[in-house]
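J.: coords please:
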Amino acid sequence: MGLQSALRLIYPAQCLSCGARVEQEHALCPECWRDTPFVAGTVCDACGVPLPGVEGMDPAGTPVHCDDCLRLARPWQRGRAAMLYAGTARRLVLGLKHGDRLDLARACGRWLAAAAAPILRPDMLVAPVPLHWTRLLRRRYNQSAILAQALAAEAGLDGCPDLLIRRRRTPTQEGRDLAGRHANLDGALALHPRRSVQAEGRHVLLVDDVMTSGATLAAAADACLAGGAREVDVAVLVRVPKAE
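T.: Below you'll find the predicted structure:
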């Protein structure tokens, strides 16, 4: 019996969400899988939110968009999300963000890479939305950087974990309307002075854990484009859909 087999007997693989025994590492049990709202089918080409009952292309062959992305001027081109913010997905993203659940990175990166596959390009540079250094010091890691690293490794793409910096510590976005969210981030993000050359003329894929209004991703995309990026796309682990 090999060492790995022996370890599996002593420490059997557990579900990433509930801890139940599963057949392989970095997986969900059947019950938690069913409770995970993975995004599938036709989605908004700009933010990845599902569009039930809508065909993937209009008659002219143009990708379809949700009402928010038709109304708002997104500075990025295309976007995808792996899951919706509910059920098991909510527990997983909160564990990754606040619970030191770095063991989730491998599976989350695999799901994120699969969701983003339609928008990936061989020459893409993968970069996370940054934390302010004071929050990074307190949390000890940037969950978006962990996801970006996992996605880049899964897809075989170049990554730059510190392409962007957060120049000032912004208050929470919770409780703010759309205009307030954008105002809160005005001038807060910029390309790292020593990394900006990596973005020049490149297609950049921005990675974040959660997208709600898109204000943070918009600020990050603006910073990349101002620094010479050719085009920006986005990928998020979970998408918070607009409340009905």
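
J.: residue ranges of the helices in the protein, please?
T.: Using DSSP state H, the helices of the chain run over residues 3-10, 30-34, 67-71, 87-98, 105-116, 133-139, 143-155, 178-184, 196-199, 215-226.

J.: Can you add distance to Ala235 and give the ones you listed back as CSV?
T.: (Glycine included, C-beta is placed from N, CA and C.) Formatted as CSV, those follow (distance: least, C-beta to C-beta, whole Å):
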stretch, distance to Ala235
helix 3-10, 32
helix 30-34, 21
helix 67-71, 15
helix 87-98, 14
helix 105-116, 4
helix 133-139, 21
helix 143-155, 7
helix 178-184, 20
helix 196-199, 17
helix 215-226, 10
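
J.: ok, of those helices, where does mean pLDDT dip lowest?
T.: For the helices of the chain, the bottom mean pLDDT is recorded on helix 3-10, which sits at a mean of 49.

J.: quick one: contacts for Arg135?
T.: Under the criterion of C-beta atoms under 8 Å, 6 or more residues apart in numbering, the contact list for Arg135 reads Arg169.

J.: Pull out the buried residues from stretch 63-80.
T.: Within stretch 63-80, the residues scored as buried using 16 or more other C-beta atoms under 10 Å are 64-66, 68-69, 72, 74-76, 78-80.

J.: out of those, what pair is the most spread apart?
T.: Val64 and Pro75 (19.5 Å; C-beta to C-beta).

J.: re the thing from before, okay, and which of the buried residues of stretch 63-80 map to strands?
T.: Within these, residues falling in strands by DSSP state E are 79-80.
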